[in-house]
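Engineer: this one's sequence-less:
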Ligand code: 3HC
């Protein structure tokens, strides 16, 4: 069945090579997914060799895990590893048909990335952003071919989460959108078409829930109480574990985008900022008997 709002699939163009800008955790998960599901070469690009090697290393290690769980054959594992390569130069994207970015969540950074990529790729190459909350319309502004850009927003962990938000900006071309939906099908993701609005749909709803948990501890409810209060509701992860998995800075960027778009309906947490500024990555650490505890230093950072 064609997803609601998807253009005629005959408009879709083939994708024979994928470029991934960034080699961090999200970018590496994307590279692995594209290589496994599309069986096409995927090149990951980052600013230095160390980052690139780390990203490619992550992909290889994940493939080895799949192999040890007997989830894939030895042949498929070798193929996936051979398909994913790394580069420190955007020239590696010259013959790509689809380039997706998963770099730092800042509009100016992403615009710069796309301007540089556009100077290298063919006019037909599709550009996609995995942004969590930034405006896709603003990102396309200034491109030579703004109609080729769209949002392709995956969820963490990419290998497991079935949903994919396909973000159409006003200028996004039908052929670009049709290709995105065909890609989503090949990636075995459930694609939904969403409008270009702050944090799109899922993060907007999710942040309402997580934002209220964070607001409760901003207002003095002990964080462990605020966090564990939701556990009996059958959530797969407690709100703080989830924010640790997606990364506290990402959670903060989503809060900021929602605040910019909707004002006081989405406040920005002062405590979250304090924790991030002090380098706190996760609220919980394993305590005695495996019961998670919040370190006293972390607690002392929160007002
Ligand atoms: N990478 C690859 N595979 C993973 C994984 C990872 N990071 N984490 C878990 N898995 C796999 C496991 O290997 C396991 O596979 P197997 O059956 O082959 O062994 C399977 O997922 C189930 O894992 P577990 O049994 O360890 O644990 P759970 O049953 O608790 O499931 C979970 C893990 C699916 C991550 C579940 O806890 C969950 O759904 N959590 C919520 C995730 C969520 O809400 N994500 C959205 C975040 S928002 C976002 O990403 C948007 C962004 O813009 C901020």
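Structural biologist: Nice, thanks for sending it over. For clarity, every value in this text was computed on a predicted model and none was experimentally measured.

Engineer: those helices in this protein, which residues are they?
Structural biologist: Along the chain, counting by DSSP state H, helices occupy 25-38, 49-68, 74-83, 107-118, 136-140, 174-186, 202-218, 223-228, 239-246, 248-262, 270-277, 296-301.

Engineer: mind listing residues that contact the shortest one?
Structural biologist: The set of residues external to helix 136-140 that reach it, using Cβ atoms under 8 Å, 6 or more residues apart in numbering, is 107, 110-111, 114, 129, 131, 146-147, 149-151, 167, 169-172, 196. Just so you know, the C-beta spots here come from the backbone N, C-alpha and C atoms, and that holds for glycine as well.

Engineer: near the ligand, which of those residues show up?
Structural biologist: Near the ligand, taking Cβ under 6 Å from any ligand atom as the test, no member of the contacts of helix 136-140 is found.

Engineer: out of those, which are buried?
Structural biologist: Among those, those classed as buried by 16 or more other Cβ atoms under 10 Å are 110-111, 114, 129, 131, 146-147, 149-151, 167, 169, 171-172, 196.

Engineer: where among the helices of the chain is the average confidence lowest?
Structural biologist: Looking at the helices of the chain, the lowest mean pLDDT belongs to helix 223-228 (a mean of 77).

Engineer: tell me the buried residues in that helix?
Structural biologist: Going by neighbour count (16+ other Cβ under 10 Å), the buried part of helix 223-228 is 223, 224, 226, 227.

Engineer: what of stretch 255-269?
Structural biologist: 255, 256, 257, 258, 259, 266, 269.

Engineer: could the buried residues of helix 223-228 be laid out in JSON lines, adding distance to the ligand?
Structural biologist: Shown next, in JSON lines, are these (distance: Cβ to the nearest ligand atom, whole Å):
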{"residue": "223", "distance to the ligand": "19"}
{"residue": "224", "distance to the ligand": "19"}
{"residue": "226", "distance to the ligand": "18"}
{"residue": "227", "distance to the ligand": "14"}
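
Engineer: and the two most separated of these?
Structural biologist: Across the buried residues of helix 223-228, no pair lies farther apart than 224 and 226, at 7.5 Å, counting by Cβ to Cβ.

Engineer: on that earlier part again, nearest to residue 50 among the buried residues of stretch 255-269?
Structural biologist: For the buried residues of stretch 255-269, the nearest to residue 50 is residue 256 (29.1 Å; Cβ to Cβ).

Engineer: give me the nearest residue to that closest one, chain neighbours excluded.
Structural biologist: Among residues not flanking residue 256 along the chain, residue 268 sits closest, at 5.9 Å (Cβ to Cβ, 6 or more residues apart in numbering).

Engineer: show me which residues of the stretch 151-300 of the chain are close to the ligand?
Structural biologist: 155-157, 159-161, 203, 206, 236-237, 242, 246, 250.

Engineer: if you set the cut-off to 8 Å instead, what comes out?
Structural biologist: 153-161, 202-203, 206, 235-237, 242, 245-247, 250-251, 254 (Cβ under 8 Å from any ligand atom).

Engineer: need the buried ones from those residues selected in ChimeraX.
Structural biologist: Applied in ChimeraX, the following selects the buried portion of those according to 16+ other Cβ under 10 Å:
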select :153,154,155,156,158,202,203,206,242,246,247,250,251,254
